[in-house]
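**Q** Got a predicted model here, sequence first, then my questions.
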Amino acid sequence: MSQEHVAVVLLNLDAWHRGDLDAWLATAHPEVEWYSEVARRVEGSEVAYRGHEALRSYWDEWRSVWDVEVEVTETRDLGDRVLVLGRVRAQGEASGVGLEGPVAFLFELQDGLIRMGRAYFDTDQALRDAGQGEKFVP
């Protein structure tokens, strides 16, 4: 089943890149929780987007400000969890500000859908949270 989980996660990221909100939401459990590293840094505390309506708001807010591309360099099948390692490139729609750096995502799946997702700019923290102790070298 876990290889199917990797496939769901990759479909999720592909839908994000294509700008296909419906396909992106189709990979998410109805009770999904998404934790954004950017929102955490801006708010100064953990921010959770819960459910499809909250994900729609996140999609609208994020995509109105940033054009984001994630280059996946590695996926790790961890049973009911999937760890994604890679690089992110973001370009501010209005500001033109460009950002680039390492990124990681840890997804938990339930009933074949993403139940929880968390983004990390600190890939070593993502590895620790996933129970994978080694350092990530992009």
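**A** Thanks, I have the structure now.
**Q** which stretches of the chain form strands?
**A** For the chain, the strands defined by DSSP state E occupy 28-35, 48-50, 66-77, 81-92, 98-110, 113-120.
**Q** what packs against the last one?
**A** Strand 113-120 sits against helix 2-18, strand 28-35, helix 37-43, strand 98-110, helix 123-129, with contacts defined as 3 or more CB pairs under 8 Å, 6 or more residues apart in numbering; DSSP states H and E. (Each C-beta comes from the backbone N, C-alpha and C, glycine too.)
**Q** what's the answer for the longest one, then?
**A** Other elements packing on strand 98-110 under the criterion 3+ CB pairs under 8 Å, 6+ apart are helix 2-18, strand 81-92, strand 113-120, helix 123-129.
**Q** any low-confidence regions in the chain?
**A** 1-2, 41-45, 134-138 (pLDDT under 70).
**Q** at 80 instead, please
**A** For the chain, the stretches with pLDDT under 80 are 1-2, 38-46, 66, 92-98, 133-138.
**Q** if I read this right, Asn6 contacts Thr75, doesn't it?
**A** Quick fix: residue 6 is Val, not Asn. Yes. With contact defined as CB atoms under 8 Å, Val6 counts as touching Thr75 (5.3 Å).
**Q** will you turn the helices and strands packed on strand 113-120 into CSV that also has mean neighbour count and distance to Val82?
**A** Listed next are the helices and strands packed on strand 113-120 as CSV, based on neighbours: other CB atoms under 10 Å; distance: least, CB to CB, whole Å:
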stretch, mean neighbour count, distance to Val82
helix 2-18, 16, 5
strand 28-35, 17, 14
helix 37-43, 14, 17
strand 98-110, 19, 5
helix 123-129, 17, 12
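**Q** In TSV: those, plus distance to Trp62.
**A** Listed next are those as TSV, based on distance: least, CB to CB, whole Å:
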stretch	distance to Trp62
helix 2-18	9
strand 28-35	10
helix 37-43	8
strand 98-110	13
helix 123-129	19
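**Q** wait, which of these is closest to Glu69?
**A** Glu69 lies closest to helix 2-18 among the helices and strands packed on strand 113-120, at 6.5 Å (CB to CB).
**Q** just how off-centre is the closest one within its chain?
**A** 10 Å (CA atoms, centre = their mean, to the nearest Å).
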